[in-house]
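Colleague: How does the following fold in three dimensions:
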Amino acid sequence: MDIFKTWLVERCIAHRGLHNEIYPENSLGAFENAIKNGYPIELDVHLISDGTIVVFHDDILSRMTKKDGYVKNLTKENLGDYNLLNTKYTIPTIEEVLKLVNGQVPILIEIKNTSKVGDLESKLLKILNSYNGEFAIQSFNPFVIKWFKDNAPNILRGQLAGFFKGEKMPFIQKFALKRMLLNKKSKPDFIAYDARNVPNRFVKKYDNLPLLVWCVKSQEEYMKVVKYCDNIIFENFEPKI
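Modeller: Next comes the predicted model:
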């Protein structure tokens, strides 16, 4: 398979769905909107306390639900109590999202895991094994990427990276992720790098792999980065070639 001829390169990807003031990010509404407009979907997954995998970006609930707490402490039973940005939409499970999408557009799944690798990944793999649509996974955590290389090498996997300027992160972690130093072990199929930090010498080392950039937020920004990358993950506008 020539990955440069797949949807990962050929179709701009909607960041957390095609969200707007009506459809919150990572909501079933935002995913329906992306499907309606023909965009592949990027989304985020977390493992919560009862072993359910939910689609949500932040570790903390407050920004999207206006309620205190950590997403990891939720249970499937109380997901309906957390409305997204005062809309009718609540935090969906990955099963609900896959049922909705049903292969209509591809899905790029970002795995949010900063702890021990294996539990979330194995549960997700079991679910994905019965899904018939196109998908790929990505993560900032290179050990997540390595887990998929070792356990499901047929699944396309991407290493997320960036300069992480101003973010609270141990220096050595920032140093390694910026340079993607563990790529030799995890062997990603593509790179997804912070659009604010391209071009750079670290991504040029991997010019044999597709380079996606995130998160492009305007047509102007798109025109600046398009010559340096193979595809974009976008939000707050619809890219025009």
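
Colleague: can you pull out the helices in this protein?
Modeller: 7-10, 28-37, 62-65, 94-101, 119-128, 142-151, 171-179, 183-186, 201-204, 219-225 (DSSP state H).

Colleague: how many degrees apart are the second one and helix 94-101 in direction?
Modeller: In other words, helix 28-37. Using axes from the mean of the first three to the mean of the last three C-alpha atoms, to 10 degrees, the direction of helix 28-37 lies 30 degrees away from that of helix 94-101.

Colleague: other SSEs contacting helix 28-37?
Modeller: Contact analysis of helix 28-37 by 3 or more C-beta pairs under 8 Å, 6 or more residues apart in numbering; DSSP states H and E lists strand 13-15, strand 41-47, helix 94-101 as its packing neighbours. No exception for glycine: its C-beta is placed from N, CA and C like everyone else's.

Colleague: Looking at the ones you listed, which is nearest to Glu77?
Modeller: Glu77 sits nearest to helix 94-101 of all those, at 14.3 Å, using C-beta to C-beta.

Colleague: Identify the spatial nearest neighbour of Asp58, chain neighbours not counted.
Modeller: Excluding its sequence neighbours, the residue lying closest to Asp58 (C-beta to C-beta, 6 or more residues apart in numbering) is Met64, at 6.4 Å.

Colleague: from what I can see the one you found touches Leu84, true?
Modeller: Yes. Judged on C-beta atoms under 8 Å, Met64 makes contact with Leu84 at a distance of 5.3 Å.

Colleague: before we move on, back to that, the residue nearest to Asp58: what's it in contact with?
Modeller: Met64 makes contacts with 24-26, 56-58, 84-85, as judged by C-beta atoms under 8 Å, 6 or more residues apart in numbering.

Colleague: With respect to Tyr193, which of these is nearest?
Modeller: Closest to Tyr193, out of all of the contacts of Met64 and judged by C-beta to C-beta, is His57, at 18.2 Å.

Colleague: Verify the contact between that closest one and Pro24 for me.
Modeller: No. In this structure His57 lies outside contact range of Pro24 using C-beta under 8 Å: 10.6 Å.

Colleague: what about the two, which has more around it?
Modeller: Counted by other C-beta atoms under 10 Å, His57 and Pro24 do not tie: Pro24 has more neighbours, with 23 against 17.

Colleague: All good on my end, thank you.
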